[in-house]
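Asker: Whatever this is, show me its structure:
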Amino acid sequence: MPIPRRSILRRLRLHLPATSLALLTACGSMQDRGRNGPVNPVTAGSMEEAQRFLDAAEQALNTGDKDAALAAFAAAIEENPRIVRAHMGMTEIYKERKQWPEAEVSSRRWVEIEPRNYEARYTHGYVLHQLNRLVEAIREYRQALIIQPNSPEANLNIGTAYLQLGQAVEALPFAERAAQLHPNHGPSRANLGVIYAAVGNHEKAVVNYQTALELMEPSAELTLNLVESLRHLQRYPEMINAVEALIRMAPSPDAYERLGYAAFKLRDYDRSESAYRSALRLDQNYYPAMNGLAVNLLNDYIRSERTDAAARQEALDLLRRSLQVARNQPRIVELLSRYGQ
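Answerer: Model (predicted):
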């Protein structure tokens, strides 16, 4: 394994598909007991007034005035705290604005009114997920799956949340189910690939990464994940092809360093050295490329029957610089000790 590697799990963008909420109006019972004590009975007059506020909120939404819509939804809730449409409407606006704490309050109240509503449970889980309250999000997704076991998005997101918690084994069955339910959904395939890689099944990871790349607009993150799994499988010609695609898409020190590694494994030393130098031109402190280039130069030194003093000296300088950037590299210390005498 090259020295050292960033975690593959941090490279993938999470795909958390938003749900499309139906616009429903539902009134609850005539009495409610809220978090702050008893709520006044809902009278026929207050029902009519609540509906007028809902109508005003809809008109405001039609004109794009989200602030007025929020105010009208809040007024409707004052008249009837169990009016679902108002809680839904506020949740959607807060989600659009990425005001996640406010969205959490609105979606939680929706769940309290309709605990058996899939959309309520899923939406609350999604909002909790955005707040990085992963354990709570998983709990809500599980409730959503009790109501709709074949929900692709709930299966996908619960798998993603488990992965974020570092629990890839727990994530796997949900990710597999999401891909089974929606086989042509690129994000599901991409997330499943990451989870397979996390449990060490790189063969299946590659299959799912490649499928995702066919289904989605290729991204640097996803392509780099594919490169990593090909590296684990020692499929170096394919790794080079994938890295070349990555470089065309987004040249980066990471990409050139992987190219240098794969070329070295294929004994294409000139190409390997060139790739490592390209990485360092992009980031002179990128120590994995320093290490890779140093190994190439030491290889040149050995092939010259230890007469290429310039190659040896440059290699030693690179190894020392690498240790200045990242001290905890026992292998680099060992190389310096061996060739620095």
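Asker: Next one: residue 67, what pLDDT does it get?
Answerer: With respect to pLDDT, residue 67 scores 87.
Asker: Next, count neighbours for residue 296.
Answerer: 25 (other Cβ atoms under 10 Å). The way it works is simple: take the backbone N, C-alpha and C, and place the C-beta from them, glycine included.
Asker: I'd like the numbering to begin with 815 instead of 1 from here.
Answerer: Sure, I'll start counting at 815 from here, so that last one is residue 1110.
Asker: For it, pull up the helix or strand it's in.
Answerer: Element membership for residue 1110, per DSSP states H and E: helix 1101-1117.
Asker: contacting residues around that helix?
Answerer: 816-819, 1067, 1070-1071, 1074-1075, 1078, 1083, 1086-1087, 1090-1091, 1093-1094, 1097, 1122-1123, 1125-1126, 1128-1130, 1132-1133, 1135-1136, 1139-1140, 1143, 1146, 1149, 1153 (Cβ atoms under 8 Å, 6 or more residues apart in numbering).
Asker: Mind checking which of these are in strands?
Answerer: Per DSSP state E, strands hold no members of the contacts of helix 1101-1117.
Asker: Quick one: buried ones out of those?
Answerer: By neighbour count, with 16 or more other Cβ atoms under 10 Å, the contacts of helix 1101-1117 hold 816-817, 1067, 1070-1071, 1074-1075, 1078, 1083, 1086-1087, 1090, 1093-1094, 1122, 1125-1126, 1128-1130, 1132-1133, 1135-1136, 1143, 1146, 1149, 1153 as buried.
Asker: helix or strand right after the helix ranked longest in the chain?
Answerer: Counting by DSSP state H, the longest helix found in the chain is helix 858-876. Later in the chain than helix 858-876, the nearest helix or strand by DSSP H and E is helix 880-893.
Asker: could you point out which element follows that next one?
Answerer: Next along the chain after helix 880-893, taking DSSP H and E as the criterion, comes helix 898-910.
Asker: Alpha carbons of that following helix, as PDB, please.
Answerer: Output in PDB follows, covering the C-alpha atoms of helix 898-910 (Å, rounded to 0.1, in the frame of the first residue of the first chain):
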ATOM      1  CA  VAL A 898     -50.700  18.800   8.900                       C
ATOM      2  CA  ARG A 899     -50.400  20.900   5.700                       C
ATOM      3  CA  ALA A 900     -49.000  23.800   7.700                       C
ATOM      4  CA  HIS A 901     -46.300  21.700   9.300                       C
ATOM      5  CA  MET A 902     -45.500  20.200   5.900                       C
ATOM      6  CA  GLY A 903     -45.300  23.600   4.300                       C
ATOM      7  CA  MET A 904     -43.000  25.000   6.900                       C
ATOM      8  CA  THR A 905     -40.800  21.900   6.700                       C
ATOM      9  CA  GLU A 906     -40.400  22.200   2.900                       C
ATOM     10  CA  ILE A 907     -39.500  25.900   3.000                       C
ATOM     11  CA  TYR A 908     -36.900  25.300   5.800                       C
ATOM     12  CA  LYS A 909     -35.500  22.400   3.800                       C
ATOM     13  CA  GLU A 910     -35.200  24.600   0.700                       C
END
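Asker: Residue ranges of each domain in the chain, please.
Answerer: Taking automatic domain parsing as the domain assignment, the ranges for the chain are 815-833+859-1047, 1053-1155.
Asker: Now do the longest helix of the chain against helix 898-910, angle only.
Answerer: Helix 858-876 runs at 30 degrees relative to helix 898-910, counting by axes from the mean of the first three to the mean of the last three Cα atoms, to 10 degrees.
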